[in-house]
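Peer 1: What follows is a protein structure lacking sequence information:
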């Protein structure tokens, strides 16, 4: 069976058993503060397990795209080394929300694996929860007895809580699980040692393929367990591993899930996979091909779901994955030009049918990946130069902090640093590097560490959002909890009804107050967490059991509404003037500004920006009325032309927002008429990534203030220029005159350097078979460097140290002749380090030329005097 046939057989199996087949949720998570990426099949259903919403269907099955880059067996640096771990993977799953339980889950799993997929039952082993004394839990004999209908008891094995008790996190829904393992070893190996001894032993050929989780408990913050109101089934089967088993392979990477990508890589690099000099799991070229094939999948799906590579958060994770793939191709496949982007069509051909977002976003993925590759290859080149410089300065051992600088600043992996150092006979201080890395991780953990207590439940029900219709209303607290973090103690509050908009769809969360009598509790932010609207408060109301008045900061909300509605008008105008290829790729809607990211493969010209801005302002002046539809079907909304944004998760019922010809799916808050926006001014346009442009704009009073400030600046300029009739012409004349003067100054500096070069060597003196010139000169940094280059080739025995003063700072330039470098091992970088302390500064450079700057010009004579001792 092909991978596509295997996936479809799984979905058909559960469709025949009354499961609704749902599409994969986005891999990038936007409404859960505890996760950046979907890392398990259950993540999209987390709010159901937590009891925050009722399921639309009691039985569901899907294939969920997941990403794991940390945790047990999921260290990014290990992916590709073995044959069965990945960053991005598909998780096949079937779910019961308070419907069937252990009997059906076990029976249907057996029917699929044995009857449909024809796996030999003699190769199957299962595990069950063996109990836990600390938690007061008995062994799961129910699951054990159900498995006895299918397997002999010696292949039904109990394991501890570590292996067979699944938990969502430190707190939350959890329960015993039963894992299905398959032994794919040869007959001879199976006879030599029973598979039962290798279950849960990290053996690459006796592997877990399916985990059946029976959620029946809720773990509290104090560690205790409470029964859930309803029992659920949550199963997860690794698609890639299943394909390996069914296709008779010994590695996930040998299946048709990965082979098309690997063979394309092999062709691109002129190699044969599996036939390198050290062919097998450890061959560097083979590892590199596995890394690249795996990582491209993660990168492409993340971009298709709306997460672009970046420097923080989820964007940093994707950039790190991409760069790891590039440097493996660079180091072990000889691929020194962008190559990953060329593999995207192969991936789309494989998975575009099951995941249409890949096909729709193919052009964007190619362009973003290509630009990221070019950027990192430039960084690798810069990092290589910096490493060569550090090796020249460090001698036979590269300090750990310098290796960490390469890792942190240039994205230089430590193994690449070790490889390049080893080639030059230089050792890397790994203990120092590990210490620096640990400090960074500790700082990161400390900055984000949050400790949340258990929810105090005061009432039942699902929160109702009333903020489309009101900014103030009476409410009761359903639950609250204390959260401790770096900023001190805060409180999270959930109300039964609230006008506070939770951050989402690019719009920031509301702030305001919870009022109870004379007490006003400040609401610092509002976020959505697993379908709960959570208010982040400085304190609790005096009596949480009594009603409160939930009051939104009205001025701040109205400013945000203006910017959100303006974003819709801007989107419409951009598609009208630039083309319908323009799609929203991200946004920020705040009270003081809006930011809008779009797909467009060229800089937006000033003329285009002016036309777009004029179009938006025309829509504002038309005072179009808001036409809102709530709870309309997705099909009906799309039939009306409503735009769905990529990477967003929509339900069966949606909300549409229309202003004139602009109509979008949107859950945000908006003005009643476009005239309420006032005006829009585009204040910035830049490149965010390849094929992505970022626009920044302001509206309302902020736009008025922006215009007035520029009018005042124009008047000030006219005053300085003595009120010319044409201020632009007057400024151009001034700039022209300034350019001419700069050229004269530059020419004078060149002449001064030329004059100095003719007679400055008269001041050089002989010291121990070399010549020393130590002199303070009236030159800036560039002038001293130019003088050094004029003297360099003709004076191989010269050590020259020049000092200068510029803008109250001290400057040093050191030139070391090639003869002194070769015969005495003297380096300009070493000299400048020793002298820079005299001017209270630092510097660096190359063996023949180095410079330093400092804050103490009075130290220049001391530095020049110190230079003579260097030739003793």
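Peer 2: All right, it came through fine. Predicted, not measured: the structure shown is a model, and the values here were computed from it.

Peer 1: so what pLDDT did residue 381 get?
Peer 2: We have a pLDDT of 82 for residue 381.

Peer 1: now swap in residue 472 and tell me
Peer 2: For residue 472, the predicted pLDDT is 97.

Peer 1: so what's it closest to, chain neighbours aside?
Peer 2: Once flanking residues are discounted, residue 472 sits nearest to residue 551: 4.6 Å by Cβ to Cβ, 6 or more residues apart in numbering. Bear in mind the C-beta positions are built from the backbone N, C-alpha and C, glycine included.

Peer 1: and the helix or strand hosting that neighbour, which residues are buried?
Peer 2: Residue 551 belongs to strand 548-552 when assigned by DSSP states H and E. Residues of strand 548-552 classed as buried: 548, 550, 551, 552 (neighbour count, 16 or more other Cβ atoms under 10 Å).

Peer 1: and of those, the nearest to residue 286?
Peer 2: Using Cβ to Cβ, residue 552 comes nearest to residue 286 of the buried residues of strand 548-552, at 58.6 Å.

Peer 1: what element comes up after the strand holding residue 551 heading to the C-terminus?
Peer 2: Once the chain leaves strand 548-552, the following helix or strand, as judged by DSSP H and E, is helix 554-578.

Peer 1: that's a helix at residue 440, yeah?
Peer 2: Yes - counting by DSSP: H, G, I helix; E, B strand; the rest coil, residue 440 is part of a helix.

Peer 1: what's the neighbour count on the closest residue to it other than its chain neighbours?
Peer 2: Spatial nearest neighbour of residue 440, excluding adjacent residues (Cβ to Cβ, 6+ apart): residue 408 at 7.1 Å. By other Cβ atoms under 10 Å, the residues close to residue 408 number 13.

Peer 1: start the count at 327, not 1, going forward
Peer 2: Done: numbering now begins at 327, and the last item shifts to residue 734.

Peer 1: buried set for the helix or strand in which residue 734 is found?
Peer 2: Counting by DSSP H and E, the element that carries residue 734 is helix 726-736. By 16+ other Cβ under 10 Å, the buried positions in helix 726-736 come out as 726, 728, 729, 730, 731, 732, 733, 736.

Peer 1: Report the distance from it to the chain centre.
Peer 2: 20 Å (Cα atoms, centre = their mean, to the nearest Å).

Peer 1: again, but for stretch 812-824
Peer 2: That offset, for stretch 812-824, works out to 27 Å (Cα atoms, centre = their mean).

Peer 1: which other residues reach it?
Peer 2: Around stretch 812-824, the neighbours that count as contacts under Cβ atoms under 8 Å, 6 or more residues apart in numbering are 772-775, 778, 781, 785, 787, 789-793, 799, 801-810, 840, 850, 852, 858-866, 870, 874, 876.

Peer 1: the strands in the stretch 1027-1176 of the chain, which residues?
Peer 2: Counting by DSSP state E, counting those that start in this stretch, the stretch 1027-1176 of the chain has strands at residues 1091-1093, 1096-1102, 1124-1132, 1135-1142, 1167-1171, 1175-1180.

Peer 1: Point out the most buried one among those.
Peer 2: strand 1135-1142 (a mean of 26; mean count of other Cβ atoms under 10 Å).

Peer 1: relative to strand 1096-1102, how tilted is that strand?
Peer 2: Between strand 1135-1142 and strand 1096-1102, the angle comes out at 170 degrees (axes from the mean of the first three to the mean of the last three Cα atoms, to 10 degrees).

Peer 1: Okay, now the sheet partners of strand 1135-1142, with direction.
Peer 2: Here strand 1135-1142 has these sheet partners by DSSP bridges: strand 1124-1132 (antiparallel), strand 1175-1180 (antiparallel).

Peer 1: and residue 741, which of those is closest to it?
Peer 2: strand 1175-1180 (30.0 Å).

Peer 1: Next, the angle from that closest one to strand 1167-1171.
Peer 2: Computed by the same axes, to 10 degrees, the angle between strand 1175-1180 and strand 1167-1171 is 160 degrees.

Peer 1: hmm, who's touching strand 1175-1180?
Peer 2: 1107, 1110-1111, 1114-1115, 1118, 1135-1142, 1153-1155, 1157-1158, 1161-1162, 1164-1171.

Peer 1: again, only this time at 6 Å
Peer 2: With Cβ atoms under 6 Å, 6 or more residues apart in numbering as the test, strand 1175-1180 has contacts from 1114, 1135-1141, 1154-1155, 1158, 1162, 1165-1167, 1169, 1171.

Peer 1: follow-up on the earlier one: would you format the strands paired with strand 1135-1142 as JSON lines with mean pLDDT and distance to residue 764 included?
Peer 2: Listed next are those as JSON lines, based on pLDDT from 0 to 100; distance: least, Cβ to Cβ, whole Å:
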{"stretch": "strand 1124-1132", "mean pLDDT": "93", "distance to residue 764": "41"}
{"stretch": "strand 1175-1180", "mean pLDDT": "93", "distance to residue 764": "32"}
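
Peer 1: Out of these, the one nearest residue 691 is which?
Peer 2: Closest among those, using Cβ to Cβ: strand 1175-1180, at 43.7 Å.

Peer 1: picking that back up, let me know the closest of the buried residues of helix 726-736 to residue 686.
Peer 2: Nearest member of those to residue 686, counting by Cβ to Cβ, is residue 736, at 34.6 Å.

Peer 1: Confirm for me that that closest one is in contact with residue 709.
Peer 2: Yes - contact criterion Cβ atoms under 6 Å: residue 736 and residue 709 qualify, at 3.3 Å.

Peer 1: Kind regards, and thank you for your time.
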